[in-house]
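Enquirer: Take a look and give me a structure for this.
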Amino acid sequence: MIGDKLRAERERQYLTIQDIAKGTSIRAVYIENIEKGEYDKLPGTVYAKGFIRNYANFLKMDADAVVRQFMDENHPEEVAAAEEAKQQLAEAEEQSRTEAKAKLAAGSEYREQVSGSGNRQNTLLIALIVLLVGAGAYYLFAMEDSAPAKTANKTTVTQTAKTPAAKTPSAKEKSAEQEQPAAKKIEGVELVAKFTDRCWTQVVADGKTVYEGTMEPGKTETWKGKEKVVITAGNAGAVEMKVNGQDMGKAGDIGQVVEKTFTPDNASQPAQANKKDSKK
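Expert: Alright, predicted model coming up:
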């Protein structure tokens with residue numbers, strides 16, 4: 001079991017649970033639950049994976065292998081579904097490559113393009129001939145019907161409208177324009193997070209995980225999304241946030257696991273935090 005493996009490595013390095021909690025910012029009770037295999041007492045699968053990865057990294061173990069073992073032991077159906085989706089994607093890509101090679105070998109696309117181009121040229125040529133014939137016939141009929149009578153002198157007068165002179169702005173108007181700085185418009189959601197302590201963090205932008213790991217004190221990161229940005233912090237009191245330039249303060253309390261969601265509509269006023277954990 002993965003919990004036994006982590007505990008054995010911790011004891012081999014003569015470390016206590018408190019040492020792990022201090023070094024990873026994971027609450028000691030969660031570390032105990034992981035080592036006992038009581039994953040149902042953790043905030044959720046996403047948090048469990050993050051805690052286990054952080055724990056393994058701190059012990060200098062292969063974190064990816066440890067997380068894979070955790071998923072194999074506790075969520076085999078998700079692993080099987082992911083493998084099946086991966087296989088289907090590979091098969092679709094292989095089929096697409098095969099079809100592309102077949103088309104190139106047969107030259108079907110090239111023949112279709114040449115044939116289409118030739119048809120368009122023939123159509124244009126026929127239209128041009130019809131136009132020339134029609135113009136010639138009209139000219140002949142017009143010459144026969146017109147009487148060679150007295151030709152009147154005709155004067156054509158062309159008037160050019162004067163373009164009104166552009167209005168020169170006054171000194172007062174220029175001063176007013178200079179005093180109004182151009183406002184910076186942020187499209188979508190821009191989240192700036194400053195970390196004052198170690199904190200396991202996950203950020204999902206528009207449904208895609210763009211970061212998952214442990215931030216160190218003094219780090220400042222910026223994430224952007226067009227429709228939504230979700231940040232999950234395992235040590236919420238260590239995260240100070242700004243969204244679209246608006247100061248949001250800290251994400252929560254020290255040791256608290258907090259999830260916050262921001263969209264363009266509520267970027268100036270963050271949505272109610274979804275607190276996965278209360279301090280014990």
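Enquirer: And the helices in the stretch 101-250 of the chain, which stretches?
Expert: Taking DSSP state H, counting those that start in this stretch as the criterion, the stretch 101-250 of the chain contains helices spanning 108-145, 171-179.
Enquirer: which stretch in the ones you listed has the least confidence?
Expert: Averaged per stretch, pLDDT over the helices of the stretch 101-250 of the chain is lowest on helix 171-179, reaching a mean of 56.
Enquirer: okay, now the domains of the protein?
Expert: Under the assignment automatic domain parsing, the domains of the chain span 2-74, 189-275.
Enquirer: Quick one, which of these gets closest to Ile126.
Expert: The closest approach between Ile126 and any of those, judged by C-beta to C-beta, belongs to domain 189-275 at 49.8 Å. In this view, the C-beta of every residue, glycine as well, is placed from N, C-alpha and C.
Enquirer: average pLDDT across that closest one?
Expert: Rounded mean pLDDT across domain 189-275 is 88.
Enquirer: in what helix or strand does Ala80 lie?
Expert: Secondary-structure assignment from DSSP states H and E places Ala80 in helix 76-106.
Enquirer: Does that helix pack against any helices or strands, and if so which?
Expert: helix 63-74 (3 or more C-beta pairs under 8 Å, 6 or more residues apart in numbering; DSSP states H and E).
Enquirer: Name the residues that touch the helix it packs on?
Expert: 1-2, 5-6, 39, 48-49, 52-53, 56-57, 78-79 (C-beta atoms under 8 Å, 6 or more residues apart in numbering).
Enquirer: what's the neighbour count on Val243?
Expert: As a burial measure, Val243 scores 23 neighbours (other C-beta atoms under 10 Å).
Enquirer: And the buried ones among the contacts of helix 63-74, selectable in PyMOL?
Expert: Below is the selection syntax for PyMOL that covers the buried ones among the contacts of helix 63-74, with 16 or more other C-beta atoms under 10 Å defining burial:
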select buried, resi 2+5+6+39+48+49+52+53+56+57
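Enquirer: now, the most widely separated pair of the contacts of helix 63-74?
Expert: Using C-beta to C-beta, the contacts of helix 63-74 span at most 22.0 Å, a distance reached by Asn57 and Glu78.
Enquirer: Lys194 contacts Thr220, doesn't it?
Expert: Yes. Using C-beta atoms under 8 Å, Lys194 is in contact with Thr220, at 4.6 Å.
Enquirer: Just want to know which of the two has more residues nearby.
Expert: Between Lys194 and Thr220, counting by other C-beta under 10 Å, Lys194 is the more crowded of the two (16 against 11).
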